[in-house]
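Participant: Show me how the following folds:
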Amino acid sequence: MAIARRRIDLEQGRAALGAWQTAAGQETETGTPPSRTVLATAVRYSLEELTARAPGNSVEVRVPPFGVTQCVEGPRHTRGTPPNVIECDAATWLAMVTGRLAWSAAVDAGRVAASGLRADLSELLPLF
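Facilitator: Reported below is the predicted structural model:
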């Protein structure tokens, strides 16, 4: 199976993720959220990393308005809404991929909408 070509340069992606982690840690102290550019790059980079680690088309992960990817081996989805969809905001997504927030805690708190039998990323997260 071919893996989609990365669009975010690895170094830029790692830098954005690091900047997000720094800003997220300081946000509670200063109230200053990370910039939209940092958020967008970190989300897109992490979605590309998820696809690289779990290639496939059976689960769609949406982090509006920054990105969407299909991943995880299984039945291929071709038209309409996929049967397995995961959606959350950027802060929740980045907290899960960096290990600041556990998948189960995010789902239990209603911060992640997950539908479908394969819509469980607990075995894949955290990524970093």
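Participant: Mind giving me the packing neighbours of the lowest-mean-pLDDT helix or strand in the chain?
Facilitator: Taking mean pLDDT, DSSP states H and E as the measure, helix 10-30 is the helix or strand of the chain with the lowest mean score, a mean of 85. Applying 3 or more C-beta pairs under 8 Å, 6 or more residues apart in numbering; DSSP states H and E, one finds that helix 10-30 makes contact with helix 36-53, helix 90-97. C-beta here means a position set from N, CA and C on the backbone, and glycine is covered the same way.
Participant: any chance of those helices in TSV, plus mean neighbour count?
Facilitator: Formatted as TSV, the helices and strands packed on helix 10-30 follow (neighbours: other C-beta atoms under 10 Å):
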stretch	mean neighbour count
helix 36-53	20
helix 90-97	23
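Participant: Any buried residues in the least confident helix or strand of the chain, and which?
Facilitator: Counting neighbours by 16 or more other C-beta atoms under 10 Å, one finds that the buried residues in helix 10-30 are 13-14, 16-17, 19-21, 23-24.
Participant: circling back: next, format the helices and strands packed on helix 10-30 as TSV and append distance to residue 105 and mean pLDDT.
Facilitator: Below are the helices and strands packed on helix 10-30 laid out as TSV (distance: least, C-beta to C-beta, whole Å; pLDDT from 0 to 100):
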stretch	distance to residue 105	mean pLDDT
helix 36-53	18	96
helix 90-97	9	97
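Participant: Take those helices and lay them out in CSV including distance to residue 124.
Facilitator: Compiled in CSV, the helices and strands packed on helix 10-30 are given as follows (distance: least, C-beta to C-beta, whole Å):
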stretch, distance to residue 124
helix 36-53, 7
helix 90-97, 9
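Participant: Next one: the closest residue to residue 45 other than its chain neighbours from residue 20, what distance?
Facilitator: With C-beta to C-beta, 6 or more residues apart in numbering as the criterion, residue 45 has its nearest non-adjacent residue at 2.8 Å, and that residue is residue 13. For residue 13, the distance to residue 20 (C-beta to C-beta, to the nearest Å) stands at 11 Å.
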